[in-house]
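> prediction below, plus the sequence it came from.
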Amino acid sequence: MEFRDTDGEDQDFAMLCNRLDSALDEIVGGKFQRSQYEQYNQRDSIHDVIVVYREGEPIGCGSFKMYDEDHAELKRIYVDPLYRNIGLGSDVVRRLEAKAKIKGYRWCILETGKPLEAACSMYKKAGYKIMPNYGQYMDMPDSICMERKI
């Protein structure tokens with residue numbers, strides 16, 4: 001596996017984000033159900049991205065953006081279904097945390113959803129704890145917000 005640092009303009013990252021969106025549409029019951037979240041997942045505000053490659057093919061990604069001076073918000077974590085359950089998602093999260101720490105952040109936060117059981121499980125195994133919903137997710141009952149000190 002090769003892990004490349006890039007940014008939100010990366011075309012492989014864009015393609016993987018499209019796959020993530022399609023997968024989310026299936027899990028949560030279509031684009032309409034997910035539409036309230038789209039505005040918070042735009043790539044133009046994401047500058048720190050990792051894309052994972054296997055034999056030159058992009059198979060996973062993750063990113064973070066500044067939430068405030070102490071908190072980096074993890075965004076767009078995705079692993080191709082063929083490569084799940086081997087720790088790749090956790091590896092991406094750890095690498096993102098390391099990058100965030102170097103940039104001076106003390107915490108990583110994230111938002112996931114109740115229907116995303118596999119994601120919730122992975123984040124919990126990575127040491128993330130449920131916190132009160134923050135910011136734009138405060139009034140979204142299907143959101144689950146999590147945090148971890150880095």
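Arrived safely.
> show me where this protein has helices.
Along the chain, counting by DSSP state H, helices occupy 11-28, 31-38, 88-102, 117-125.
> please identify the deepest-packed of those.
Compared across these, helix 88-102 shows the largest average neighbour count, a mean of 18 (mean count of other CB atoms under 10 Å). In this view, the C-beta of every residue, glycine as well, is placed from N, C-alpha and C.
> chain center to that one, what's the gap?
From the chain centre to the centre of helix 88-102 is a distance of 11 Å (CA atoms, centre = their mean, to the nearest Å).
> please name the residues that touch the residue nearest to residue 93 when sequence neighbours are not counted.
Spatial nearest neighbour of residue 93, chain neighbours left out: residue 126 (5.3 Å); criterion: CB to CB, 6 or more residues apart in numbering. Residue 126 is in contact with 90, 93-94, 148, counting by CB atoms under 8 Å, 6 or more residues apart in numbering.
> about what we covered before: lowest mean pLDDT across the helices of the chain, which one is that?
When these are ranked by mean pLDDT, helix 31-38 comes last with a mean of 44.
> report the separation between residue 105 and residue 53.
Going from residue 105 to residue 53 by CB to CB, to the nearest Å gives 26 Å.
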